[in-house]
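In: Below is the structure, and that's it, no one-letter string:
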C-alpha cells in the first residue's frame with residue numbers, strides 16, 4: 001500500500017512541508033493551524049486521486065465479473081499432471097461466499113471493510129480461524145491477479161493487504177483441533193485388518209515419513225535400489241511447482257516391506273488394487289479415498305479410534321525429531337522451513353526433563 005505523505009519539519013526554516021508524487025509543498029509554520037489545514041487539504045486530494053486511479057482501469061467491472069474471470073484462470077493455472085489441484089475446490093468455497101454477498105459491488109469499491117464482512121460470513125458458517133485466514137488470502141490473491149491483468153489498480157489489492165489475519169483467542173472464529181500423531185499401538189492394531197498393499201503403505205509411511213500421496217503414487221522406476229539406503233524421487237510432489245526436488249530415503253526396515261512389491265513390477269505403480277482385483281486397469285494406483293476408507297474400516301474392526309492417513313506422517317515426524325536434530329528432520333520430511341517441521345513434530349519434553357533433573 002502506498003504510504004501517506006508525511007507532515008515534516010524543515011529544521012533550518014522552521015517550516016512544515018510534505019512531498020506528494022515527487023512535488024514539494026511548503027505548508028507554513030510547523031505545527032501551526034494553517035499548516036495543518038493545508039496539509040489535510042493536500043492529503044484529501046491525494047486520497048481522492050488514488051480512488052480515481054482505482055476505478056480508472058475498468059470502472060464497470062463488478063466483483064461477480066471478477067470472480068468469473070478468476071475462476072476460469074484458476075482452472076487453467078492450478079493443475080498438476082493434467083488435473084486440477086485441490087486448490088481449485090478450496091478457492092471455489094470462498095468464491096461462492098463472496099459472490100453471494102458482493103456480486104454486484106464494483107470491484108474497485110471492494111475495500112478492507114468489505115473483506116472483513118466476507119470474513120464475518122465465513123465465521124458465521126462455522127469455518128475454523130485458520131481456514132478463514134487462508135480464504136481471506138485467496139480473496140487478496142484474486143485482486144492481485146486483477147491488478148496484473150490491468151483490470152484494477154494495484155491500490156485496491158494493497159488496501160486489502162492492510163487487513164490483518166485473525167489471531168488466536170481474539171476473534172469469535174472456531175479454533176482448529178491440533179493434529180496429533182497416531183499412537184504406534186493403534187497402527188500396530190490395525191495392520192492385521194488391512195490388505196497387504198495397504199498394510200505396507202501404512203508401515204512405509206511410518207518408517208519414511210512420506211505424505212499419503214507420495215506412497216500412493218510411488219512408481220517402481222522412481223526408486224533407486226542401490227546402496228544401504230535407497231532413494232525414492234517422486235516424479236510429482238507437493239512443492240514441485242516451486243522448483244524444489246524431493247528425495248525420500250528408504251532404510252533397511254522399509255526396504256524389507258517394499259521389496260516384495262518391487263519384485264512384482266518393473267515399472268508402474270508399486271501398490272495397486274489390481275493385485276486383488278484383475279478387472280481393474282493394470283496401471284492404476286490406490287486412490288486417496290480408497291486408502292482412507294481402508295484405514296477407517298480397519299480401525300472399526302480393531303476397535304480403535306479412527307484417524308486420517310496424514311497423521312501417520314506426524315507420528316513419523318515426532319520419532320525423527322526425538323532421534324535426530326531438527327535440520328535433519330526437515331530434510332527427511334521435505335520441508336522448506338524448520339518452522340514447518342516443528343509444526344509436524346510433537347514436542348518431546350523428555351530431554352528438558354533430563355536437563356532440569358540435573359540442574360534444577
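Out: Ah, there it is. Computed from a predicted structure; not experimentally measured. Numbers count the residues shown, from 1 in each chain.

In: Would you mind measuring from the residue nearest the centre of the chain to residue 93?
Out: What sits nearest the mean C-alpha location of the chain, by C-alpha atoms, centre = their mean, is residue 134, with 7.4 Å. As judged by C-beta to C-beta, to the nearest Å, residue 134 and residue 93 stand 10 Å apart. Using the backbone N, CA and C atoms, a C-beta is placed for each residue, glycine as well.

In: so who does the residue nearest to the centre of the chain touch?
Out: Residues in contact with residue 134, defined by C-beta atoms under 8 Å, 6 or more residues apart in numbering, are residue 90.

In: Check it and give its pLDDT.
Out: For residue 134, the model assigns a pLDDT of 95.

In: Same question for it, what's its three-state structure.
Out: Three-state assignment for residue 134 (DSSP: H, G, I helix; E, B strand; the rest coil): helix.

In: starting at the chain centroid, how far to stretch 165-184?
Out: 15 Å (C-alpha atoms, centre = their mean, to the nearest Å).

In: Packing partners of the helix or strand that contains residue 318?
Out: Assigned by DSSP states H and E, residue 318 falls within helix 310-323. Judged by 3 or more C-beta pairs under 8 Å, 6 or more residues apart in numbering; DSSP states H and E, helix 310-323 is in contact with helix 184-190, helix 196-208, helix 212-216, helix 326-333, helix 338-344.

In: List the buried residues for it?
Out: 311-321 (16 or more other C-beta atoms under 10 Å).

In: ok, residue 174 to residue 126 distance?
Out: Per C-beta to C-beta, residue 174 is found 6 Å from residue 126.

In: neighbour-wise, which of these two wins?
Out: residue 174 (14 against 9; other C-beta atoms under 10 Å).

In: Run through the bridge partners of the more buried one.
Out: Using DSSP bridges, the beta-bridge partners of residue 174 come out as residue 128.

In: Now residue 4: which helix or strand?
Out: Here residue 4 is assigned to no helix or strand, by DSSP H and E.

In: Where does pLDDT dip in the stretch 51-200 of the chain?
Out: 51-59, 81-82 (pLDDT under 70).

In: Isn't residue 31 up against residue 14?
Out: No - shown here, residue 31 and residue 14 do not form a contact pair, counting by C-beta atoms under 8 Å, at 9.5 Å.

In: quick one: secondary structure of residue 228?
Out: coil.

In: give me the number of residues near it?
Out: 7.

In: Tell me, how many residues neighbour the residue nearest to residue 197 when sequence neighbours are not counted?
Out: Leaving out its chain neighbours, the residue that sits closest to residue 197 by C-beta to C-beta, 6 or more residues apart in numbering is residue 271, at 4.4 Å. Using other C-beta under 10 Å, the number of residues around residue 271 comes to 22.

In: Same check on residue 68?
Out: Neighbours around residue 68, by other C-beta under 10 Å: 14.

In: which residues does it contact?
Out: Residue 68 touches nothing, counting by C-beta under 8 Å, 6+ apart.

In: Go ahead and list the helix or strand containing it.
Out: helix 63-77.

In: what ranges do the strands span in the stretch 151-300 of the chain?
Out: 223-224, 230-232, 248-250 (DSSP state E, counting those that start in this stretch).

In: closest one to residue 77 among those?
Out: Among these, strand 248-250 comes nearest to residue 77, with 27.5 Å by C-beta to C-beta.

In: Name the residues that touch stretch 138-145?
Out: Contacts for stretch 138-145 (C-beta under 8 Å, 6+ apart): 66-67, 70, 73, 90-91, 94, 98, 107, 110, 115, 118, 152, 154, 156-157, 160-161.

In: Of the strands of the stretch 151-300 of the chain, which is nearest residue 283?
Out: Comparison of those against residue 283 by C-beta to C-beta identifies strand 223-224 as nearest, at 16.2 Å.

In: that older thread, run the chain-centre distance for the helix or strand following the helix holding residue 68.
Out: For helix 63-77, the succeeding helix or strand toward the C-terminus, using DSSP H and E, is strand 79-80. Its chain's C-alpha centre and that of strand 79-80 lie 16 Å apart, by C-alpha atoms, centre = their mean.

In: Name the strands paired with strand 79-80 and say parallel or antiparallel.
Out: Sheet pairing of strand 79-80 (DSSP bridges) gives strand 83-84 (antiparallel).

In: which element follows the strand it pairs with toward the C-terminus?
Out: helix 86-102.

In: And for residue 221, the neighbour number?
Out: Counted with other C-beta under 10 Å, residues neighbouring residue 221 total 11.

In: residues contacting it?
Out: Contacts of residue 221 (C-beta under 8 Å, 6+ apart): 266-268.

In: what do you get for residue 306?
Out: 295-296, 299-300.

In: Please spell out the ChimeraX selection for the buried subset of those.
Out: Per 16+ other C-beta under 10 Å, the buried members of these correspond to this ChimeraX selection:
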select :295,299
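
In: List just the nearest of the contacts of residue 306 to residue 9.
Out: Comparing the contacts of residue 306 against residue 9 with C-beta to C-beta places residue 295 closest, at 68.2 Å.

In: what's near enough to touch the closest one?
Out: 190, 194, 198, 202, 306-307, 309.

In: who's in contact with whichever helix in the chain runs longest?
Out: If you go by DSSP state H, the chain has its longest helix at helix 33-56. Here helix 33-56 makes contact (C-beta under 8 Å, 6+ apart) with 2, 4-5, 7, 15-16, 18, 20-21, 25, 27-29, 106, 108-109, 152-153, 155-156.

In: Give me the nearest residue to residue 146, chain neighbours excluded.
Out: Excluding the flanking residues, the one nearest residue 146 by C-beta to C-beta, 6+ apart is residue 152, at 4.4 Å.
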